[in-house]
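> predicted structure and sequence below. I'll ask about it afterward.
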Number of protein chains: 2
Amino acid sequence: MSMQPSDTPGLDELTREECLRLAASHSVGRLAVADRGRPPLVVPINYVLDVDAVVFRSDPGMKVHLARQYPVSFQVDFIDPSHRGGWSVLISGLAVEVEPSEVAHLDLEPWVGGAKAHWMRLLASEVSGRRIRLADAPRDPRGYL
Amino acid sequence: MSMQPSDTPGLDELTREECLRLAASHSVGRLAVADRGRPPLVVPINYVLDVDAVVFRSDPGMKVHLARQYPVSFQVDFIDPSHRGGWSVLISGLAVEVEPSEVAHLDLEPWVGGAKAHWMRLLASEVSGRRIRLADAPRDPRGYL
């Protein structure tokens, strides 16, 4: 078992390796940015995990926020309400624009047509995650994957 | 049709009424908080929508952030990767602690056992949302609900 018990009953902290493996298994997450004093802006994005970087396309509106170079967070989770369990991964760092040729090898196509011309790469400086389980549920995580 | 076209092709802005109706139809979302200069912290929460307020329980760790009285955001979405469509709703405001008796009428039970003793109520001051669709997909939103 590579999970480590956290301080909160029912939550197990995930290792960085587990977080990246889980993030790589999904294709839709959320990008959260926050201007100072403003509530965070949180929007769904489709993405590809490129080793330990989150690669996605940004529309001009989001890019305005990203260009301010505040740290941003990417979050992805899998929640199973019927079993009241799942996992959540958070990857934080700076998002930088990259040339399309730098990410051409990745299989990433935006859902939304039009103006998503800016490729962004979120360089993971912090990676954390946790598995959620009922306090009295078995610890076998397979059911949550 | 109550949807309004947004500036971005493939996205339709949702009305406040639609946002609250969609949020009320789900039970798991994400809470995003940001300390100044730090990347946003984003964690899944289970919740109940009480008219236009998001009611949830907070563990002591999250409460430390909430107690700083920065504006926070609650986000919930439904994404269907196979159809490349869905919706996302964002509710922002201040989260305040409430007495358990004030929310006892709500059917909200935390997933995680233990220390989730603090009931919080996020008073919606800003509500926004959008429906995501392929640029060439039919506009009928029913398939995304």
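Everything's here; your move.
> work out for me the element A:Ala23 sits within.
Applying DSSP states H and E as the criterion places A:Ala23 in helix A:16-24.
> run a quick neighbour tally on A:Ala53.
A:Ala53 is flanked by 20 other residues according to other CB atoms under 10 Å in any protein chain shown. All C-beta atoms are positioned from the backbone trio N, CA, C, and that covers glycine.
> name whatever forms a beta bridge with it.
Beta bridges link A:Ala53 to A:Asp50, A:Leu123, judged by DSSP bridges.
> which outside residues touch stretch A:23-30?
Under the contact criterion CB atoms under 8 Å, 6 or more residues apart in numbering or on different chains, stretch A:23-30 has outside partners A:42-49, A:54, A:74-76, A:78, A:89, A:91, A:145, B:30, B:42, B:75, B:77, B:79, B:81.
> show the buried residues in the residues you listed.
Neighbour counting over these (16 or more other CB atoms under 10 Å in any protein chain shown) leaves A:42-49, A:54, A:74-76, A:78, A:89, A:91, B:30, B:42, B:75, B:77, B:79 as the buried ones.
> tell me the contacts of A:Pro40?
Counting by CB under 8 Å, 6+ apart, A:Pro40 makes contact with A:Ala32, A:Val33, A:Ala34, B:Ala32, B:Val33, B:Ala34, B:Pro40, B:Val42, B:Val72, B:Ser73, B:Ser92.
> and the residue lying closest to the first one once chain neighbours are set aside, what pLDDT?
Of all residues beyond its chain neighbours, the one nearest A:Ala32 is B:Pro40 (4.0 Å), with distances taken as CB to CB, 6 or more residues apart in numbering or on different chains. If you check B:Pro40, the pLDDT there is 92.
> is the helix or strand harbouring A:Val89 in proximity to chain B?
Assessed by DSSP H and E, A:Val89 sits inside strand A:85-98. Yes - Strand A:85-98 comes into contact with chain B (CB under 8 Å from any CB of the partner chain), by way of A:Gly85, A:Gly86, A:Ser88, A:Leu90, A:Ser92, A:Gly93.
> so which of these wins on neighbours?
Taking other CB under 10 Å as the neighbour criterion, A:Leu90 ranks highest of the residues of strand A:85-98 next to chain B with 25 neighbours.
> relative to B:Tyr47, how far out is that one?
Counting by CB to CB, to the nearest Å, the gap from A:Leu90 to B:Tyr47 is 19 Å.
> quick revisit: could you dump the helix holding A:Ala23 to CSV, C-alpha only?
Once non-C-alpha atoms are left out, helix A:16-24 reads as follows in CSV (Å, rounded to 0.1, in the frame of the first residue of the first chain):
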residue,chain,number,x,y,z
ARG,A,16,3.0,12.4,-6.4
GLU,A,17,3.4,9.3,-8.6
GLU,A,18,-0.1,8.2,-7.9
CYS,A,19,-1.4,11.7,-8.5
LEU,A,20,0.2,11.9,-11.9
ARG,A,21,-1.0,8.4,-12.9
LEU,A,22,-4.6,9.3,-12.0
ALA,A,23,-4.4,12.6,-13.8
ALA,A,24,-3.0,10.9,-16.9
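> buried residues in that helix?
Buried residues in helix A:16-24 (16+ other CB under 10 Å): A:Glu18, A:Cys19, A:Leu20, A:Leu22, A:Ala23.
> can you check stretch A:59-79 too?
Applying 16+ other CB under 10 Å to stretch A:59-79 flags A:59, A:62-63, A:65-66, A:70-79 as buried.
> farthest pair within these?
Farthest pair in the buried residues of stretch A:59-79 (CB to CB) is A:Lys63 and A:Ile79. Separation: 29.1 Å.
> off-centre distance for the helix or strand containing A:Arg131?
Using DSSP H and E, A:Arg131 falls within strand A:118-132. Once both centres are worked out by CA atoms, centre = their mean, to the nearest Å, strand A:118-132 turns out to sit 5 Å from its chain's centre.
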